[in-house]
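A.B. asks: After the sequence you'll find the predicted model.
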Amino acid sequence: MNESPSLSRHLGAFEVFTICSGTMVGAGIFLLPSLIAAKAGAASIFCFLIAGLISACAALSVCELSTGMPMSGGSYYFISRSMGAMFGSIMGWGTLLGLTLKGAFAFIGAGDYLNALVPVKPLVTAVVLCLFFIAINIAGTRASGWLQNLVVLVLITLLGLFVLRGIFSIKLGNFQPFFHGNPLSFMEATGMVFITYLGLIEVTALAEEVKDPGRNLPRGILLSIASVTVLYSVVMFVTKGLFPVGQLARQLTPLADAAKTISGTTGMVLIILGGLMATISTGNGTLLLSTRYPFAMSRDNLMPQFLSKINNLTKTPARSIFLIGTAMVAIILLFNLETLAKFGSAFNILVFALINVSVIILRRADPEWYRPEFRSPLYPWIQVVGIVGGLVFIPFMGVAASLGAISLVAFGVVWYYLFGRGIAQPDYGLRDAIRTLREKSASQLALRTYQGSPKHSWRLLVPLWFTQAPRQLLLLSGYLARHFEERVHLVYCVEIPLQTPPRALDEKTECPELESYLLPLDEDMKPHFDMTILYSHSRDTGFVEIAAEHEADLALMEWPPDTIHLRSELNAILRDMPSDIAILLNRPMKSLDRILIASSHPRDELKLHLAGALASECGSTITVLRVYSTRVRELTKGDLERQIISTGNMHGIDLRARVVQSNAVVDAIAEASRECDLLVLGSSPGTSWLRTPFGPV
């Protein structure tokens, strides 16, 4: 029996805090001060603070997403479930490369700090440490998590002592001049700092292993960002205050040199040991997190399936760990610290931006499965600041970093089309996400009355865009046909070139059979259906001709996908169809218990007849919603409710009335539709059906 691999839950809030902090309180603060001081001078004391505040926006977003989707894969999982597999591919590769670059950055830094104590080549140290932690992580998350806890506690203690001793030794003259070189280099320096904050959100790659993620993930992440940002800023302030700009810029181990200034050799040795622990902690933490991404992507068919296999002995995705560790070793041998900082930061900024976009999409779409226990405050302004505030720094980090970010996006798209298209999960994309934003909670049935008069009979025409018809479309037509004891004509159109006579294909083209469409229907519905295979040079013209030939009273069809060609055909059908039209914007319906009619007129007969027929077949309740302006004085809420009830009595339909006073008609309908299974809407004359799915009521 095939079962999806799963991971055990054993990490608490403290482990989340230490793993998250361990990827930040490390290489960044021990290596970056000299790099950013060389570019921004004394102004570099604000780099960590600004980057931390922008990163906090992503932290709030990721806390919401991780409690709404506590699954292994972290940011990759969030993006793929909100924007589709293609954007999941971009996010997965971006995060994977960003973490791998940061891990290499950290291990190179560990080599520099060890070299300050023992004459060992930094590259040799970096490679050996990387190989060692590959083995540690294959041994299991618990082993590396225990080590991470110890390292973080020691680091925070050491850095706290460093600040307490150093703050009394700073020289205010070292902050002059405040800007060093081109003032725009401050933007470059701030952009480079973002590599430090990558672990802030990527701890959610372990969400599937966290106990009570709704409580422990937000606690650990938010405490981590607050603590680390304050610590970074204060340490940078003290370090800069101890050295002139030129001297600090030349130091490979800036904190060790600062400690020697204030505490002599003993202080230098302690900080070197702390720097080793910090950089090793960062390298281990990023290796731990990055190996989750091939695991998560392979589960969605965006990477080979063998990467999702969990080792039976260690219960870890050992193959992913080995793959990423090997890539990290290669990067250590190829790039220097500044290049790694810029590329890693650029990739991280893209990750933050997509995370914030994901929250906006999911909030607006409000899918049933998305019910986070933690919700970001100040939505959507927090997300907007996080998106714009991060992306603005990428161009200042140079052409290479900008091209790297663009190349990452291009690579993710190409990878999706070459490797995952058609098999990746989920199989929708950004276009579907945007379409979801326009949908309400219920399926929608939009109606347009032909020449403004209700029909007396109910011959149904069901034009089919594709060989597979939505089950809900067939069920609705079956209910109506059974209720009115009428026929349903399914019409499937085979489009042919202008040069080909239609009759030439009658006997040669394979077409769907009627029986294949009727499988989901009740047996007593099936006799009401027949089917026509239409050969035409123009699908929209063919549907209109068939409707006239069969004297159809109602054309019931699905809202087409977001395809320009199909939308153009739909507009032609809406213009020329000689019958009433009902278009179903389809969402899965578990039942048809609650029907909501959004009505602008008390006697909206087409809506009432269709809803009444469906209610009779399914035992549904029908609620008529009237939204009237606060500026209307002629009618009261009670008057409108009585009109609705009276109209139902006149047509023999049991109606419930719901009257809402609001100037935001669409918002009021959207809110009310959350409580129904089918929303019945109408279209006013002149509605642009391309602008929104179903226009005004």
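C.D. replies: It's in.
A.B. asks: Can you tell me the strand partners of the helix or strand where Arg656 lies and which way each runs?
C.D. replies: Using DSSP states H and E, Arg656 maps to strand 655-661. In its sheet, strand 655-661 lies beside strand 621-628 (parallel), with partners assigned from DSSP bridges.
A.B. asks: What average pLDDT does the strand it pairs with get?
C.D. replies: Strand 621-628 comes out with an average pLDDT of 86.
A.B. asks: Other residues contacting it?
C.D. replies: Applying C-beta atoms under 8 Å, 6 or more residues apart in numbering, the contact partners of strand 621-628 are 593-600, 602, 611-612, 615, 635, 640, 644, 647-648, 653-662, 665, 668-669, 672, 676, 697. Yep, even glycine has a C-beta here, placed from its N, CA and C like the rest.
A.B. asks: got it, and stretch 650-660?
C.D. replies: 605, 608-609, 611-612, 615, 621-628, 637, 640-641, 644-645, 647-648, 668, 672.
A.B. asks: rerun that using 6 Å as the cut-off
C.D. replies: For stretch 650-660, the external contacting residues (C-beta atoms under 6 Å, 6 or more residues apart in numbering) are 608, 612, 622-627, 637, 640-641, 644-645, 648, 668.
A.B. asks: nearest to Leu255, of those?
C.D. replies: Ala668 (58.8 Å; C-beta to C-beta).
A.B. asks: how much distance is there from the helix or strand harbouring Val235 to the middle of the chain?
C.D. replies: Assigned by DSSP H and E, Val235 belongs to helix 213-242. Helix 213-242 sits 26 Å away from the centroid of its parent chain (C-alpha atoms, centre = their mean, to the nearest Å).
A.B. asks: Buried ones in that helix, by neighbour count?
C.D. replies: For helix 213-242, burial by neighbour count (16 or more other C-beta atoms under 10 Å) applies to 213, 216-225, 227-229, 231-242.
A.B. asks: returning to what we had before: mind checking which of the contacts of strand 621-628 are buried?
C.D. replies: 594-599, 602, 611-612, 615, 640, 644, 647-648, 653, 655-660, 665, 668-669, 672, 676, 697.
A.B. asks: Give me the phi and psi for Ala555.
C.D. replies: As for Ala555, its main-chain torsions (degrees, to the nearest 10) stand at phi -100, psi 120.
A.B. asks: Ile36 against Phe48, yeah?
C.D. replies: No: under the criterion of C-beta atoms under 6 Å, Ile36 is not in contact with Phe48, lying 8.6 Å apart.
A.B. asks: What distance do you get for Leu480 to Ile581?
C.D. replies: 14 Å (C-beta to C-beta, to the nearest Å).
A.B. asks: Likewise for Ser477?
C.D. replies: From Ser477 to Ile581 the distance is 13 Å (C-beta to C-beta).
A.B. asks: cool, Leu276 as well?
C.D. replies: 72 Å.
A.B. asks: repeat for Ser89
C.D. replies: From Ser89 to Ile581 the distance is 39 Å (C-beta to C-beta).
A.B. asks: neighbours around Asn182, how many?
C.D. replies: 11 (other C-beta atoms under 10 Å).
A.B. asks: mean confidence score for stretch 125-139?
C.D. replies: 85.
A.B. asks: How about Ile36, nearest residue that isn't a chain neighbour?
C.D. replies: Ala189 (3.9 Å; C-beta to C-beta, 6 or more residues apart in numbering).
A.B. asks: Is it correct that that neighbour is in contact with Phe46?
C.D. replies: No: the pair Ala189 / Phe46 is not scored as a contact, 9.5 Å apart, by C-beta under 6 Å.
A.B. asks: neighbour-wise, which of those two wins?
C.D. replies: Ranked by neighbour count (other C-beta under 10 Å), Ala189 and Phe46 place Ala189 first, with 28 against 17.
A.B. asks: mind checking the backbone torsions on that one?
C.D. replies: phi -60, psi -40.
A.B. asks: center of this structure, which residue is that?
C.D. replies: Note on the chain: the residue nearest the mean C-alpha position is Ile79, at 2.9 Å, using C-alpha atoms, centre = their mean.
A.B. asks: With adjacent residues omitted, what lies nearest to that one?
C.D. replies: Per C-beta to C-beta, 6+ apart, closest to Ile79 is Met91, 4.0 Å.
A.B. asks: could you list every residue that touches that neighbour?
C.D. replies: 75-76, 79, 354.
A.B. asks: Can you give me the separation between it and Ser82?
C.D. replies: 10 Å.
A.B. asks: same question, Pro244
C.D. replies: 49 Å.
A.B. asks: lowest-pLDDT helix or strand in this structure?
C.D. replies: When the helices and strands of the chain are scored by mean pLDDT, DSSP states H and E, helix 430-438 comes last with a mean of 52.
A.B. asks: mind listing the strands in this protein by residue range?
C.D. replies: Secondary structure of the chain (DSSP state E): strands located at 443-448, 460-464, 488-495, 529-536, 554-558, 580-585, 594-598, 621-628, 655-661, 678-682.
A.B. asks: can you list contacts of the third one?
C.D. replies: Residues outside strand 488-495 that contact it (C-beta under 6 Å, 6+ apart): 460-464, 477, 481, 509, 528-536, 539, 542, 546, 550.
A.B. asks: Buried only: go through these for me.
C.D. replies: Buried among these (16+ other C-beta under 10 Å): 460-464, 477, 481, 528-529, 531, 533-536, 539, 542, 546, 550.
A.B. asks: where does the stretch 251-400 of the chain dip in pLDDT?
C.D. replies: 308, 365-369 (pLDDT under 70).
A.B. asks: ok so, going back, with distance to Gly325 as extra columns, can I get the strands of the chain in TSV?
C.D. replies: Output for those, formatted as TSV (distance: least, C-beta to C-beta, whole Å):
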stretch	distance to Gly325
strand 443-448	49
strand 460-464	52
strand 488-495	53
strand 529-536	58
strand 554-558	49
strand 580-585	48
strand 594-598	54
strand 621-628	59
strand 655-661	59
strand 678-682	52
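A.B. asks: which among the contacts of stretch 650-660 gets closest to Met577?
C.D. replies: Out of those, the member with the shortest distance to Met577 (by C-beta to C-beta) is Leu608, at 21.2 Å.
A.B. asks: any idea how far that closest one lies from Ile644?
C.D. replies: Relative to Ile644, and taking C-beta to C-beta, Leu608 is found at 10 Å.
A.B. asks: same deal with Lys590?
C.D. replies: 27 Å.
A.B. asks: cool, Ile406 as well?
C.D. replies: Counting by C-beta to C-beta, the gap from Ile406 to Ile644 is 56 Å.
A.B. asks: and if you look at Gln661?
C.D. replies: For Gln661 relative to Ile644 (C-beta to C-beta), the value is 15 Å.
A.B. asks: So what's the residue count around the closest residue to Val120 other than its chain neighbours?
C.D. replies: Leaving aside its chain neighbours, Val120 sits nearest to Leu114 (5.8 Å; criterion: C-beta to C-beta, 6+ apart). The tally of other residues near Leu114 (other C-beta under 10 Å) stands at 25.
A.B. asks: OK, contacts around Leu114?
C.D. replies: By C-beta under 6 Å, 6+ apart, the neighbours of Leu114 are 120, 125, 276.
A.B. asks: in the longest helix seen in the chain, what counts as buried?
C.D. replies: Ranked by residue count and defined by DSSP state H, the top helix of the chain is helix 254-290. Across helix 254-290, burial judged by 16+ other C-beta under 10 Å covers 254-260, 262-263, 267-290.
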